[in-house]
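Asker: What would the 3D arrangement of this be:
(3 chains)
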Amino acid sequence: MRIGEMVRRTGVSERLLRYYEEQGLLTPERLPSGYRVYSEADVETVRRIRVLLAAGLPTATIARTLPCIRDDGSSLAPVCTGLVAELRQERERITRAIEDLRASRGLLDAVIEAGPQEACAPARR
DNA sequence: CTTCTAACA
DNA sequence: TGTTAGCA
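Answerer: Now for the predicted structure:
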């Protein structure tokens, strides 16, 4: 499929799909016309890229991680030693981020539980 | 009409 | 990232 269909199927913009390629996250084939041709697996890869990116992993790390994940999603065979150490660090960072989010949610819960005691001041602007 | 690269009122 | 220009 070409980029247009990828946009429809992934919800990711053309600009971003090309950017992912520039970062080595995707490597679609090229038609003699220069048009990019994506595989069915690329659709799933984009999903992974989005999740990892949202988790805060740098594109460089994602680029080296994706090839270790087999398109079926269940078997993640090939282990790249150096990468494992890197991923452990990311995992640790994420764990800390989760703790921070928990704290934020707890703070909001307290404010929400207190409930409205008065009307809000009129919005600015 | 669709895609491509390059670049920024 | 969006958007746009100028091609193919």
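
Asker: DNA strand B contacts on chain A?
Answerer: Residues of chain A found near DNA strand B (C-beta under 7 Å from any atom of the strand) are A:Arg2, A:Ile3, A:Gly4, A:Glu5, A:Glu14, A:Arg15, A:Arg18, A:Gly34, A:Tyr35, A:Arg36. Using the backbone N, CA and C atoms, a C-beta is placed for each residue, glycine as well.

Asker: Repeat the analysis, applying 10 Å as the threshold.
Answerer: By the rule C-beta under 10 Å from any atom of the strand, the part of chain A lying against DNA strand B is A:1-8, A:14-15, A:17-19, A:21-22, A:28, A:30-31, A:33-38.

Asker: ok, and the closest non-adjacent residue to the closest residue to DNA strand B within chain A?
Answerer: Nearest residue of chain A to DNA strand B, counting by C-beta to the nearest atom of the strand: A:Gly4, 2.3 Å away. Using C-beta to C-beta, 6 or more residues apart in numbering and skipping residues adjacent in sequence, the residue nearest A:Gly4 is A:Glu14, 7.8 Å away.

Asker: what residues are up against the one you found?
Answerer: With contact set as C-beta atoms under 8 Å, 6 or more residues apart in numbering, A:Glu14 has these partners: A:Ile3, A:Gly4, A:Val7.

Asker: Give me the pLDDT for the second one.
Answerer: In this prediction, A:Gly4 carries a pLDDT score of 96.

Asker: what's whichever helix or strand it is part of packed up against?
Answerer: Per DSSP states H and E, A:Gly4 falls inside helix A:3-10. If you count contacts as 3 or more C-beta pairs under 8 Å, 6 or more residues apart in numbering; DSSP states H and E, helix A:3-10 packs onto helix A:14-22, helix A:40-54.
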